[in-house]
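In: sequence first, predicted coordinates after that:
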Amino acid sequence: MACGTCSTGKDGQPKGCKSNGTCGTDSCNKLTVFDWLANMSLPNGEKPFDWVEVRFKNGRKEYYKNTENLTLAIGDVVATQAQSGHDIGMVTLSGELVRVQMKRKKVSEKPEVLQKIYRKASQKDIDIWSEARDREEAMKVKARQFAIDLKLKMKISDIEFQGDASKATFYYTAEERVDFRELIKLFAREFRTRIEMKQVGFRQEAARLGGIGSCGRELCCSTWLTDFRSVSTSAARYQQLSLNPQKLAGQCGKLKCCLNYELDSYLDALKSIPKPEIKLYTQKGTAVCQKTDIFQGHLWYAYEGEWMNWHKITKDQANEIIALNKKKQKVVSLEEYATELIEDTKTEFENVVGQDSLTRFDSPKGNKKRKNNRNSRNRNNKSNNTPKNTNKNNNPNSKNNNNKRRRKPQNNKNNAK
């Protein structure tokens, strides 16, 4: 879904909104929330909720109280209260849904310091804000060079100007504690503005910058994911994934957040499956688990010493054998249970296309054979119809030779006369 300004240019390339996702219609913003209560009217006597959600650069959202009773709609650019001066942001949500979002994010409706909206942004405010935004990229390049010159183990990932261009916030990531007092002096001397340094985690950095994941879609943290839960390698083990850090790590360098999405389903399925370290004791020998299919409920066991021969049984059969082993009883062998498991290896595919086959546009293979047979028959017919070799056909001078033979007796008669 895109707004009207995200059309294509003359050469077919996408124009884009050219404001890093701050579209006026709020249709391609980061972390946007659909206002499903917008078309619903309030009951009689109820006043609309006077708090609004305002979004700033790269998905940063704050909640402000509309003390001036301004008529605000989604997409309006407003001037909001800041620690010193004012900031410029865009309204992304209003009405009763803001109350739900504040309760979800644990934002109090009666804070100690009330943040409010001053006014709708004028053209002068927007011009100052856009000029400050244009300076951010060049400043980021210089700031990174200053940090390299001072040999600081930190990475400056982003810079955000306040709406009135009176303060610049530098977001950085670092694995250890960094002493950046000398760096701030260089920034203040070079950029001529108030400097604020703010450390963010690697996941927050990826969420601010955005990107494309290995699945081919935009990163979850930059589009809809707001809370970052800890991800451990046990999540990959439960899902039987190979512990390859190159495949399990995201663009932030940490384990992918999507490892937690299906973890609950795997944990529920593993409750009825015996643990792989439990051995099965039979009269034939001791069997060890080699492989587990969680959702189909199948397990593969092999006898000690016969590791190449695997026997497939169901989870119910494995639990039954384990229950007998706890009673100090042994079954005869796993083959008895494996023979009871009948596999249906025949797969029937449905024709979703209808009666049409996938090779309906291909030329039939039999035509070439028919053409070759026809050509061979024609050649044989021509060879049978042609006359046998004669002297006239083989020797082009045969007529002249016959004439010479006929003339010889005439010459003899003339000579006799």
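Out: All right, it came through fine.
In: let me see the backbone angles for Lys61.
Out: The phi/psi pair for Lys61 (degrees, to the nearest 10) reads phi -120, psi 140.
In: now do the same contact list for it.
Out: With contacts defined as C-beta atoms under 8 Å, 6 or more residues apart in numbering, Lys61 is in contact with Leu31, Glu53, Val54, Arg55, Thr92. In short, each C-beta sits where N, CA and C put it, glycine included.
In: what about the helix or strand hosting Trp129, distance to the chain center?
Out: In this assignment (DSSP states H and E), Trp129 forms part of helix 123-149. Taking C-alpha atoms, centre = their mean, to the nearest Å, one finds helix 123-149 lying 31 Å from the centre of the chain it belongs to.
In: ok, now which ones touch Ala263?
Out: I think there's a mix-up here, since residue 263 is Leu and not Ala. Listed by C-beta under 8 Å, 6+ apart, the contact set of Leu263 reads Ala235, Tyr238, Gln239.
In: can you check Asp164 too?
Out: Contact analysis of Asp164 by C-beta under 8 Å, 6+ apart lists Ala82, Gly85, His86, Asp87, Ile88, Asp125, Ile128, Trp129.
In: generate a PyMOL selection restricted to the buried entries among the residues you listed.
Out: Selection of buried members from the contacts of Asp164 for PyMOL, criterion 16 or more other C-beta atoms under 10 Å:
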select buried, resi 82+86+87+88+125+128+129
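In: which one of the contacts of Lys61 is nearest to Tyr64?
Out: For the contacts of Lys61, the residue nearest Tyr64 by C-beta to C-beta is Val54; the value is 5.7 Å.
In: of the contacts of Lys61, closest to Cys289?
Out: Once C-beta to C-beta is applied, the member of these that ends up nearest Cys289 is Leu31, at 44.1 Å.
In: what is the neighbour count of that closest one?
Out: Using other C-beta atoms under 10 Å, Leu31 has 18 other residues around it.
In: ok so, going back, give me the buried subset of the contacts of Leu263.
Out: When these are checked for burial by 16+ other C-beta under 10 Å, the buried set is Ala235, Tyr238.
In: can you list the contacts of Leu263 in JSON lines and add pLDDT?
Out: Output for the contacts of Leu263, formatted as JSON lines (pLDDT from 0 to 100):
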{"residue": "Ala235", "pLDDT": "92"}
{"residue": "Tyr238", "pLDDT": "92"}
{"residue": "Gln239", "pLDDT": "92"}
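In: would you enumerate the residues in contact with the residue nearest to Asp316 when sequence neighbours are not counted?
Out: Spatial nearest neighbour of Asp316, excluding adjacent residues (C-beta to C-beta, 6 or more residues apart in numbering): Gly297 at 7.7 Å. By C-beta under 8 Å, 6+ apart, the residues touching Gly297 are Ser272, Ile273, Thr314, Lys315, Asp316.
In: hmm, which of these are the buried ones?
Out: So, by 16+ other C-beta under 10 Å, the buried ones in those are Ile273, Thr314, Lys315.
In: secondary structure and distance to Met308 for the contacts of Leu263 - can I get that in CSV?
Out: As requested, those are arranged in CSV below (DSSP: H, G, I helix; E, B strand; the rest coil; distance: C-beta to C-beta, whole Å):
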residue, secondary structure, distance to Met308
Ala235, helix, 32
Tyr238, helix, 28
Gln239, coil, 27
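In: can you redo the contacts of Leu263 as JSON lines with distance to Arg60?
Out: Below are the contacts of Leu263 laid out as JSON lines (distance: C-beta to C-beta, whole Å):
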{"residue": "Ala235", "distance to Arg60": "29"}
{"residue": "Tyr238", "distance to Arg60": "34"}
{"residue": "Gln239", "distance to Arg60": "33"}
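In: same question for the following helix or strand past the helix holding Trp129, mean pLDDT?
Out: Using DSSP H and E, the next helix or strand after helix 123-149 towards the C-terminus is strand 155-161. Averaged across strand 155-161, the pLDDT comes to 92.
In: kindly report the same for stretch 271-286.
Out: The average pLDDT within stretch 271-286 is 92.
In: follow-up on the earlier one: and the residue nearest to Asp316, its phi and psi?
Out: In terms of degrees, to the nearest 10, the main-chain angles of Gly297 are phi 70, psi 40.
In: ok, now the one 3 residues further on?
Out: In terms of degrees, to the nearest 10, the main-chain angles of Trp300 are phi -120, psi 130.
In: can I assume it is in contact with Lys315?
Out: No - contact criterion C-beta atoms under 8 Å: Trp300 and Lys315 do not qualify, at 11.8 Å.
In: where do the strands sit along the stretch 101-250 of the chain?
Out: Secondary structure of the stretch 101-250 of the chain (DSSP state E, counting those that start in this stretch): strands at 117-120, 155-161, 167-173, 194-199.
In: could you export those strands as CSV, including mean neighbour count and distance to Arg133?
Out: What follows is the strands of the stretch 101-250 of the chain, written out as CSV (neighbours: other C-beta atoms under 10 Å; distance: least, C-beta to C-beta, whole Å):
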stretch, mean neighbour count, distance to Arg133
strand 117-120, 17, 19
strand 155-161, 20, 6
strand 167-173, 20, 11
strand 194-199, 15, 17
